[in-house]
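*Asks:* The following block contains a protein sequence and its predicted model.
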Amino acid sequence: MALIITSFEAKYGDSFLIEESDSGIRFLVDCGFKLTYNHHIKKKISSADFIILTHSDEDHINGAFPLLNDFPEKFHLNKVYVNSPESIPVTSTSGPVSIRQARDLVSLLKIKNMPFEGLIQGQTIRVSNDTFLEIISPSQTELDSYYEKYCDQANPLQSNLTDIPISRTAVVTSAIELSKLPDSFCKKSDDIANASSIAFVLHYRDKKILFLGDSHPEVIFSYLVSQNFSSTNKAVFDYVKLSHHGSSKSISKELLSLISCNNFIISTNGGKARSKHPNVETIAKLSIFIDRNGNDEINFYFNYSISSIEAKNGPLLTTEERQTYKINYLEQNEIRLS
């Protein structure tokens, strides 16, 4: 009996299959791009109990369209969880990262008579006797801001979402220097798509896995503080799926100070253009600052080859630094928890 987490190759996006081997219950967290569904998801499964779409960015939601088009003849599905302000008008300036996809998705859900509902911080989804999800993002404040911003036609959508790179190129190279760089996350008001991203803790028996979606570090930090976690009483996780593919703009030293974990999952092929990831700064800060929960080594799980990622972005720390800080890079897209 085990919980199996599969990280599909989704280019620079996210798509995860979570399934219980004993009960047969399975669900998807994001669907990546259309190619993710056609080349990976539908070759692995033809049914799911539900899907969680964390937010409306194309690299998380687009694969849901061909999946739903296959419903019910080729793919069986019971429910979709997605936050979407479906009644908000869409302007012609909407770009690839936009409310347009969320509205199109809702229209397709209605055509297919597929039940759907939103998720907000504080909710719980009971999956089975052994598994439940604790929703930790978005808060009501972030969700309200998400809806309000899209209603504000005086603020074009692209200026708020599409011009924000998710990584920065550091001018220093050593892990120590990288770890000393100040936090670079955007204000929540300038990053509403990610601030409203669904994030949750997956509880399986005595295991806890933190799925951060593309969530904002301040939202997660505030939630953990509200649950009485602190630098002396850390939130312990068996695995953490890093937010936004390991972007330096999606972590903070404050958040790291509350977490204890030595296993981190990164979903990316290295990114594109200005949005290259994972950022070496993220690797350095985690390797130096994170509490490893009594473990000596720290493990980073990749769903693409390290060589292909480093070919795009340069080395993710030197061999000597990896040895010094006991860093393991693992090319492994399946994790089993018993």
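*Replies:* Sure, I can see it.
*Asks:* What mean pLDDT does the helix or strand harbouring Pro66 get?
*Replies:* If you go by DSSP states H and E, Pro66 is part of helix 64-70. Taken as a whole, helix 64-70 has a mean pLDDT of 98.
*Asks:* Stretch 179-189 too?
*Replies:* 85.
*Asks:* ok, now stretch 306-314?
*Replies:* 92.
*Asks:* Pull out the C-alpha coordinates of that stretch and format them as PDB.
*Replies:* In PDB, the C-alpha atoms belonging to stretch 306-314 read as follows (Å, rounded to 0.1, in the frame of the first residue of the first chain):
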ATOM      1  CA  ILE A 306      19.800  18.100 -15.000                       C
ATOM      2  CA  SER A 307      22.000  18.300 -18.100                       C
ATOM      3  CA  SER A 308      19.200  19.700 -20.200                       C
ATOM      4  CA  ILE A 309      18.300  22.300 -17.600                       C
ATOM      5  CA  GLU A 310      21.900  23.300 -17.000                       C
ATOM      6  CA  ALA A 311      22.400  23.500 -20.800                       C
ATOM      7  CA  LYS A 312      19.800  26.300 -20.800                       C
ATOM      8  CA  ASN A 313      20.600  28.100 -17.600                       C
ATOM      9  CA  GLY A 314      24.200  27.200 -16.600                       C
END
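*Asks:* Pull out the buried positions in that stretch.
*Replies:* Of all the residues in stretch 306-314, those buried under the rule 16 or more other C-beta atoms under 10 Å are 309, 313. C-beta: built from backbone N, CA, C; applies to glycine.
*Asks:* Work out the gap between stretch 52-60 and the centre of the chain.
*Replies:* Mean C-alpha position of stretch 52-60 versus that of the full chain (C-alpha atoms, centre = their mean, to the nearest Å) differs by 9 Å.
*Asks:* for stretch 280-289, same thing?
*Replies:* 18 Å.
*Asks:* Distance from the chain centre to the helix or strand following the helix holding Pro66, please.
*Replies:* Downstream of helix 64-70, the next assigned helix or strand under DSSP H and E is strand 76-77. Mean-position distance between strand 76-77 and its chain equals 23 Å (C-alpha atoms, centre = their mean).
*Asks:* Read off the pLDDT value for Asn194.
*Replies:* Asn194 carries a pLDDT value of 81.
*Asks:* check contacts around it.
*Replies:* 55, 214-216, 243-244, 250 (C-beta atoms under 8 Å, 6 or more residues apart in numbering).
*Asks:* Dump those residues to JSON lines, plus pLDDT, secondary structure and neighbour count.
*Replies:* Shown next, in JSON lines, are the contacts of Asn194 (pLDDT from 0 to 100; DSSP: H, G, I helix; E, B strand; the rest coil; neighbours: other C-beta atoms under 10 Å):
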{"residue": "His55", "pLDDT": "91", "secondary structure": "coil", "neighbour count": "28"}
{"residue": "Asp214", "pLDDT": "95", "secondary structure": "coil", "neighbour count": "28"}
{"residue": "Ser215", "pLDDT": "96", "secondary structure": "coil", "neighbour count": "27"}
{"residue": "His216", "pLDDT": "95", "secondary structure": "coil", "neighbour count": "31"}
{"residue": "Ser243", "pLDDT": "97", "secondary structure": "helix", "neighbour count": "30"}
{"residue": "His244", "pLDDT": "94", "secondary structure": "helix", "neighbour count": "30"}
{"residue": "Ser250", "pLDDT": "94", "secondary structure": "helix", "neighbour count": "29"}
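*Asks:* would you say Phe221 is within a helix?
*Replies:* Yes: using DSSP: H, G, I helix; E, B strand; the rest coil, the secondary structure at Phe221 is a helix.
*Asks:* if I look at it, how far off is Lys42?
*Replies:* The gap separating Phe221 from Lys42 is 37 Å, by C-beta to C-beta, to the nearest Å.
*Asks:* can you give me the helices for this structure?
*Replies:* Using DSSP state H, the helices found in the chain span residues 34-36, 42-44, 58-61, 64-70, 99-111, 140-151, 157-161, 175-179, 192-195, 217-226, 253-256, 280-289, 306-313, 319-324.
*Asks:* quick one, which of those is nearest to Val80?
*Replies:* Among the helices of the chain, helix 99-111 comes nearest to Val80, with 6.1 Å by C-beta to C-beta.
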